[in-house]
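**Student:** sequence first, predicted model second:
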Amino acid sequence: MKALAGFIMRGHSQAALVATAAALLSLLMPLFGPVGAAAVGLVTLRNGARQGLTTIALALLGAGILSALALGSPWLALGILLVFWAPIWTLAVVLRASRSLALTIQLAGMLGLILVLALHVSVGDPVAYWSQLLDPLRQTLLTDGLMQAEAGQALFDEVARRMTGLFAAALVFQLLMSLFIARWWQAALYHPGGFGEEFRALRLGRSLGAVILVLLVWSSFAGAGSLIVDLLPILGMLLILQGLAVAHWLRQARGVHRGWLIGLYALLILFMPQMGLLIACVGLVDLWADIRARVAQRASGPR
């Protein structure tokens, strides 16, 4: 990965090549999407907003030509620009100017909240919108005998009620992964260990915790599919990042083997709802209690 970062920083043509190739490959393998966006983010973080825009322009031209040749239309390039390159460029500009990872993460969360609000305003009833989109898949599963009609309807109704918040949270997660890759690349090339220091020191602020607590109380009176409930997955993902920052700091402070973190991430992937909630709770507590400061104080105090 460091070699790829070095290739990207050789010039605009190399950066645009990686961004274009990864974006098009993401149509087959979605994991390539954040890598292509990270190429734009790396150039912007290191060389500034104008250089990042130059890379985007070249990548947009390349993606437009390739999509026109392969699909008969260049409009795919515009979708890639809106989903991958423009958002990461915005976050990279903010991070470069503010040097605050916490502020940049909060901005990404705000973009997700705006997306949820836009979906509610534009489609009117998001649950009905997602139900209509998912219905062909449900019909296919019924036709193939993979699920029963009543159980399938109940399952897809529940998915439709949760889809808006999960969709927005997934896009924000993808955007933040692109930013983290870009920042990690930058640190690996020019300041080894810098990204790890930044992430371990991450604090999103008590104001965010207060907003989340208010929305949690409010959501208890709102039904699934409501605007308030759809905002919670995005905010919960931010809390997971806060909780992971605490875990990384504790691992570093205690000198625990890196395998402990590998196990933590494995559990998070395998038991996502339960482990995600647990880590988010740690993040929420840390916003108020400052777990890292308390542990450091005890470690430096009299024994």
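**Tutor:** Structure's in. What do you need?

**Student:** got any ranges where the stretch 1-150 of the chain has weak pLDDT?
**Tutor:** Counting by pLDDT under 70, the stretch 1-150 of the chain has low-confidence residues at 146.

**Student:** could you pull out the helices for it?
**Tutor:** For the stretch 1-150 of the chain, the helices defined by DSSP state H, counting those that start in this stretch occupy 2-8, 12-25, 32-47, 49-71, 75-80, 86-98, 101-123, 126-143, 149-190.

**Student:** of those helices, flag the one that's most buried.
**Tutor:** Mean neighbour count (mean count of other C-beta atoms under 10 Å) peaks for helix 32-47 among the helices of the stretch 1-150 of the chain, with a mean of 26. In short, each C-beta sits where N, CA and C put it, glycine included.

**Student:** elements contacting that one?
**Tutor:** helix 2-8, helix 12-25, helix 49-71, helix 86-98, helix 149-190 (3 or more C-beta pairs under 8 Å, 6 or more residues apart in numbering; DSSP states H and E).

**Student:** got CSV for these, with distance to Ala128 too?
**Tutor:** Converted to CSV, these look like this (distance: least, C-beta to C-beta, whole Å):
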stretch, distance to Ala128
helix 2-8, 43
helix 12-25, 32
helix 49-71, 30
helix 86-98, 28
helix 149-190, 8
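
**Student:** contacting residues for the most centrally placed residue in the chain?
**Tutor:** Nearest residue to the geometric centre of the chain (C-alpha atoms, centre = their mean): Phe173, 1.4 Å. Contact analysis of Phe173 by C-beta atoms under 8 Å, 6 or more residues apart in numbering lists Met237.

**Student:** now with 10 Å?
**Tutor:** For Phe173, the contact set (C-beta atoms under 10 Å, 6 or more residues apart in numbering) comprises Pro34, Ala108, Gly112, Pro233, Ile234, Met237, Ile240, Leu241.

**Student:** which of the residues you listed sits closest to Trp184?
**Tutor:** Proximity of those to Trp184 (C-beta to C-beta) peaks at Pro34, which lies at 11.5 Å.

**Student:** the closest one contacts Trp184, correct?
**Tutor:** No - in this structure, Pro34 is not within contact of Trp184 by C-beta atoms under 10 Å, at 11.5 Å.

**Student:** where does Pro74 fall, phi/psi-wise?
**Tutor:** Backbone geometry at Pro74, expressed as degrees, to the nearest 10, gives phi -90, psi 0.

**Student:** quick one: it from Leu66, how far?
**Tutor:** Relative to Leu66, Pro74 is positioned 9 Å away (C-beta to C-beta, to the nearest Å).

**Student:** quick one on the thing from earlier: next one, pLDDT for the residue nearest to the centre of the chain please.
**Tutor:** Looking at Phe173, its pLDDT reads 93.

**Student:** any figure for the gap between it and Val159?
**Tutor:** Counting by C-beta to C-beta, the gap from Phe173 to Val159 is 18 Å.

**Student:** shaky segments in the stretch 201-303 of the chain?
**Tutor:** 223-225, 301-303.

**Student:** 50 - rerun?
**Tutor:** The model of the stretch 201-303 of the chain has pLDDT under 50 over residues 303.

**Student:** show me where it has helices.
**Tutor:** 206-219, 227-254, 259-270, 272-289, 291-300.

**Student:** can I get the ones you listed in TSV including mean neighbour count and distance to Gln14?
**Tutor:** Output for the helices of the stretch 201-303 of the chain, formatted as TSV (neighbours: other C-beta atoms under 10 Å; distance: least, C-beta to C-beta, whole Å):
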stretch	mean neighbour count	distance to Gln14
helix 206-219	14	38
helix 227-254	20	31
helix 259-270	12	31
helix 272-289	17	36
helix 291-300	12	39
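
**Student:** any idea which of these gets closest to Thr54?
**Tutor:** The nearest among the helices of the stretch 201-303 of the chain, by C-beta to C-beta, is helix 227-254 at 30.7 Å.

**Student:** measure stretch 252-263 end to end?
**Tutor:** One end of stretch 252-263 to the other measures 15 Å (C-alpha to C-alpha, to the nearest Å).

**Student:** pull the contacting residues for Glu198.
**Tutor:** Glu198 neighbours (C-beta under 10 Å, 6+ apart): Leu95, Arg99, Ser100, Leu101, Ala102, Phe180, Arg183, Trp184, Ala187, His191, Ala245.

**Student:** which element is it on?
**Tutor:** Using DSSP states H and E, Glu198 falls within helix 194-200.

**Student:** flag every buried residue along that helix.
**Tutor:** Within helix 194-200, the residues scored as buried using 16 or more other C-beta atoms under 10 Å are Phe195, Glu198, Phe199, Arg200.
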